[in-house]
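Colleague: 3D, please:
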Amino acid sequence: MMLIYLLITVLGTSALAKGPTECNLTNPSEDQHCFGALVEPLFFYLLTSEKEKILLKRNEATVFKSDSNAKHKNNYEYFNNGTLKVDKTTKNDSEIYQLEVYSSSSGILQRKIKLRLYIIAPVSQPAVSQTCLSPQQMSVNCSAKGDDVEFTLALDENLLIQTKVEHGENQSVSNVILTLHGQLEGNLVCKVWNKVSSEQTDIHLISCKDTSDVTVAVTAVICVLLLLLALFLGFKAFIKRRSRASLREVSADVVYADVRVRRTAFK
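Modeller: Presented below is the predicted three-dimensional model:
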């Protein structure tokens, strides 16, 4: 017999970044990488020096110019403190950007920095399930949505596994499956995270019961019930036969009495 426990009770949640993410370009010195959360705002922090002007390109197309009067362009919005906001990111924003810094007086290019931007889906609240395969073996599964999901599973603060799950573009759910001893109990914590977010779910791990004793008990009860049913049917058949025999005896007495009455009348 297999016992399955599906436990999705959330006891704790933490987040690295749920909401706006940031790319700081105020002091660029080398090529950089930045991660943004899908469908969330993204902020570029740019230079604000009056002696310099900046140009931000995306695949050679100009996204922003500090000396331009256009403060809004498509999905971008610029603020006077040097912040460039992307209102709502999409996968198409995952591109190579180039920041060019020019001298305001001479117009000479002073620095050129490349930024590789990755837009990834934040992780979801992980779902945890426990399946009893036998009294000596259980299976624990933790799954979550998101891109580049990393997992840790720990039982009573003892690390069981830490891994990163790679998946293709058409696969939206990542999961980790562990096989454990069936009699383990305790607080099981599944943590998932990526570059833009982090979540966790805590459940109480339940030991797997020995179903053999239950099976023996159920079998014994069934045998007793069958025995009682057989006794009942046998007793019922015995009563029926006795009733038929008694009826035949009564019928014979009646016939005998009737013959005696006829003989007396004949005389």
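
Colleague: how close does the nearest residue to Ser134 once chain neighbours are set aside get to Ala127?
Modeller: Excluding the flanking residues, the one nearest Ser134 by CB to CB, 6 or more residues apart in numbering is Gly182, at 6.0 Å. Bear in mind the C-beta positions are built from the backbone N, C-alpha and C, glycine included. Distance, Gly182 to Ala127, by CB to CB, to the nearest Å: 21 Å.

Colleague: ditto for Tyr78
Modeller: Tyr78 is 41 Å from Ala127, by CB to CB.

Colleague: With Ala237 instead?
Modeller: For Ala237 relative to Ala127 (CB to CB), the value is 59 Å.

Colleague: what's the answer for Cys223, then?
Modeller: Counting by CB to CB - Cys223 and Ala127 are separated by 42 Å.

Colleague: now swap in Glu60 and tell me
Modeller: Distance, Glu60 to Ala127, by CB to CB: 44 Å.

Colleague: re the thing from before, with neighbour numbers in mind, choose between Cys223 and Ala127.
Modeller: Neighbour count, other CB atoms under 10 Å: between Cys223 and Ala127, Ala127 has more, with 19 against 10.

Colleague: neighbouring contacts of stretch 175-189?
Modeller: Residues from elsewhere that reach stretch 175-189, judged by CB atoms under 8 Å, 6 or more residues apart in numbering: 12, 128, 130, 132-144, 151-157, 160-161, 163, 165, 190, 200-208.

Colleague: just checking, which of these belong to strands?
Modeller: 128, 130, 132-134, 137-144, 151-155, 160-161, 163, 190, 200-205 (DSSP state E).

Colleague: Counting neighbours, which of those residues end up buried?
Modeller: Buried by 16 or more other CB atoms under 10 Å: 128, 130, 132, 138, 140-144, 151-155, 160, 190, 200-203, 205, out of these.

Colleague: now Leu231, what's its secondary structure?
Modeller: Per DSSP: H, G, I helix; E, B strand; the rest coil, the local secondary structure of Leu231 is helix.

Colleague: For it, give its distance to Val221.
Modeller: Here Leu231 is placed at a distance of 16 Å from Val221 (CB to CB).

Colleague: Next: Gly186.
Modeller: 34 Å.

Colleague: What residues sit buried inside stretch 156-168?
Modeller: Buried residues in stretch 156-168, counting neighbours by 16+ other CB under 10 Å, are found at 160, 165.

Colleague: which residues touch it?
Modeller: Residues from elsewhere that reach stretch 156-168 (CB under 8 Å, 6+ apart): 148-154, 174-176, 178, 180, 186-187, 189.

Colleague: send the alpha carbons of stretch 189-202 over as CSV?
Modeller: What follows is stretch 189-202 as a C-alpha-only set of coordinates in CSV (Å, rounded to 0.1, in the frame of the first residue of the first chain):
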residue,chain,number,x,y,z
VAL,A,189,13.0,23.1,4.1
CYS,A,190,13.2,23.6,0.4
LYS,A,191,14.8,26.9,-0.7
VAL,A,192,14.8,28.1,-4.4
TRP,A,193,16.5,31.1,-5.8
ASN,A,194,18.1,32.7,-8.9
LYS,A,195,19.8,36.0,-9.6
VAL,A,196,16.7,38.1,-9.0
SER,A,197,14.6,36.3,-6.3
SER,A,198,14.4,33.7,-3.6
GLU,A,199,11.6,31.7,-2.0
GLN,A,200,11.3,28.8,0.5
THR,A,201,8.7,26.4,1.8
ASP,A,202,8.9,24.5,5.1
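
Colleague: pLDDT weak spots in the stretch 1-150 of the chain?
Modeller: Residue ranges of the stretch 1-150 of the chain with pLDDT under 70: 1-20, 28-29, 69-74.

Colleague: start to end distance for stretch 57-65?
Modeller: End-to-end distance of stretch 57-65 (CA to CA, to the nearest Å): 9 Å.
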